[in-house]
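Engineer: Everything below, folded, please.
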Amino acid sequence: MVNGATGASRTTDAGGAVGPSNAGGPGESAAGTPPAAPAAPGTPIYISERVRNVLLGLLLFGLLLVFWVAPSALVVLLGGAFGAVLLSVPVNALSRVLPRGLSVLAVFLLLFLLAAVVVLLVLPPLLTQLGAAIAAAPDALSQVDAFLREQVLGPLQAKGLLPEGVDEVLSRLYESLLRNLTQFAQGLLGGALGFLSGLANTGFFLFTLLVVTMYLLADAGRIEAGYLRTVPVAYRPDARALWQTMGRTLSRIFLASITSNTIQGLVAFVGLTLIGVPYAALLGAVMWFTAFVPLFGSWLGAIPAVLVAFAVSPVAALLTALLYLSINLLDGNVLTPRLQGSALSLHPVVVLVAIIAAGELFGLAGVIVTMPILAAVTVVTTFFLTRLRVRPKVTPVQIVNPPAPAAAPAPQGGESPA
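Structural biologist: Now for the predicted structure:
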């Protein structure tokens, strides 16, 4: 095709793209230099829908097989995705004034600075208190033993309410407690070793996790575009709404959990300090970690605090129990509703069943990530429930041919047709 205004020749290739033709011969441009070779579009390979579905099924089966054989790869991918969702809030805020790459770099620098502060300023006092608590454990257990003998079991034996002696009761109690603690520690250690057994090095795992998180944050736009390209054009607005809702919900769940845990740990630290319970900072840190367990986190954090408070006095133990009860009420009635809002509102029975199932399937790690998984499932379920419709039945239409016109009567006698 020739442009009459300029005289420049324009050619159209097989794919419909329009561009200038070579004016200086088949191998040269107008300036006399060889032109850049255009990207070959490739020859289409047409397949049926059944073949396409089989190929997609094989690809999905291959990915599942890889994750089954190497579960650490799935852990790195999911951990990077969770980290990217969590850090997307500050990255998106900084992206309004900085390029996205610089925003990701700034957020990671702040994280490294925060980690350095924790390692240099927060961790040494906690380790000091942990060592002191281990050293004082025998004396604390002796005080608890004396309290049980003099204040609890002794009066019961004096009234004839014990079927056996005090020593036998305490021996059974200590054996049962030691057996349960040993089983719990072995399960926890076994789960941790099983989690790390597939990893060559913990440091390499953490480095890989950070790299995956960084790439997912930096390429969030391209990942979203690729996700939308897999959806038919008519459904892309709904697919984009699902993507955005999922990101907002998970970000809010993560931020709410971290904020709530921090407040609970600080309240526990201040309250234990005022009561006079030793190792308040260590017990506050324990409270911060156990609060990640839904429903039972506050109560799990209360167990070591009450035991340590018993070594001080029964009154301190009672005040500590009341303190942790107040923390649990604060979290359930103020912190979680205000911080999470309507991001995840499920009945406690549903959460409890999910915790039991996650614990049976994935151990402690499954219990900790129960709430994010429930949030994702809730978002997807709500998305489809508000859109799925049952196609109405179409009554088949029967086409009835009209009756044929009646034939003209034959002529009678000698009458001839007109």
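Engineer: I'd like the mean pLDDT over the helix or strand containing S326, please.
Structural biologist: S326 belongs to helix 314-330 when assigned by DSSP states H and E. The predicted model assigns helix 314-330 a mean pLDDT of 90.
Engineer: after that helix comes which helix or strand?
Structural biologist: Where DSSP H and E defines the elements, the next helix or strand beyond helix 314-330 is helix 336-340.
Engineer: distance between that next one and the chain's centre?
Structural biologist: Relative to its chain's centre, helix 336-340 lies at 18 Å (Cα atoms, centre = their mean, to the nearest Å).
Engineer: Show me what counts as buried in the helix or strand that that helix is followed by.
Structural biologist: Once helix 336-340 ends, the next helix or strand along the chain (criterion: DSSP H and E) is helix 348-368. For helix 348-368, burial by neighbour count (16 or more other Cβ atoms under 10 Å) applies to V351, A354, I355, A358, G359, F362, G363, G366, V367, I368. C-beta coordinates here come from the backbone N, C-alpha and C atoms, glycine included.
Engineer: Give me the neighbour count for A256.
Structural biologist: When neighbours are counted by other Cβ atoms under 10 Å, A256 registers 20.
Engineer: Now do it against L86, distance only.
Structural biologist: Distance, A256 to L86, by Cβ to Cβ, to the nearest Å: 11 Å.
Engineer: which residues touch stretch 288-296?
Structural biologist: The contact list for stretch 288-296 (Cβ atoms under 8 Å, 6 or more residues apart in numbering) reads 257, 260-262, 264-265, 297-298, 300-301, 331, 348, 351-352, 355, 367-368, 370-371.
Engineer: One more: stretch 248-268?
Structural biologist: Contact partners of stretch 248-268, identified using Cβ under 8 Å, 6+ apart, comprise 82, 85-86, 88-89, 280, 283-285, 287-289, 291-292, 297-298, 301, 305, 323-324, 327, 330-331, 335-336, 339-341, 343-344, 371-372, 375-376, 378-379.
Engineer: how about a cut-off of 7 Å?
Structural biologist: 85-86, 88-89, 283-285, 287-288, 291-292, 298, 301, 327, 331, 335-336, 339-341, 343-344, 371-372, 375-376, 379 (Cβ atoms under 7 Å, 6 or more residues apart in numbering).
Engineer: same check, this time on stretch 217-231
Structural biologist: A84, L87, S88, V91, R100, G101, V104, L216, R236, A239, R240, W243.
Engineer: Let me know the pLDDT of the fifth one.
Structural biologist: Note for R100: predicted pLDDT of 84.
Engineer: What is the neighbour count of it?
Structural biologist: Around R100 there are 16 residues (other Cβ under 10 Å).
Engineer: Sort out which residues of stretch 292-309 are buried, please.
Structural biologist: Buried, per 16+ other Cβ under 10 Å, within stretch 292-309: 292-294, 297-298, 300-302, 304-306, 308-309.
Engineer: Could you export those residues as JSON lines, including pLDDT?
Structural biologist: Formatted as JSON lines, these follow (pLDDT from 0 to 100):
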{"residue": "F292", "pLDDT": "85"}
{"residue": "V293", "pLDDT": "82"}
{"residue": "P294", "pLDDT": "78"}
{"residue": "G297", "pLDDT": "80"}
{"residue": "S298", "pLDDT": "81"}
{"residue": "L300", "pLDDT": "86"}
{"residue": "G301", "pLDDT": "88"}
{"residue": "A302", "pLDDT": "89"}
{"residue": "P304", "pLDDT": "87"}
{"residue": "A305", "pLDDT": "90"}
{"residue": "V306", "pLDDT": "89"}
{"residue": "V308", "pLDDT": "85"}
{"residue": "A309", "pLDDT": "88"}
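Engineer: Which of the residues you listed fall within helices?
Structural biologist: In helices, defined here by DSSP state H, the members of the buried residues of stretch 292-309 are G297, S298, L300, G301, A302, P304, A305, V306, V308, A309.
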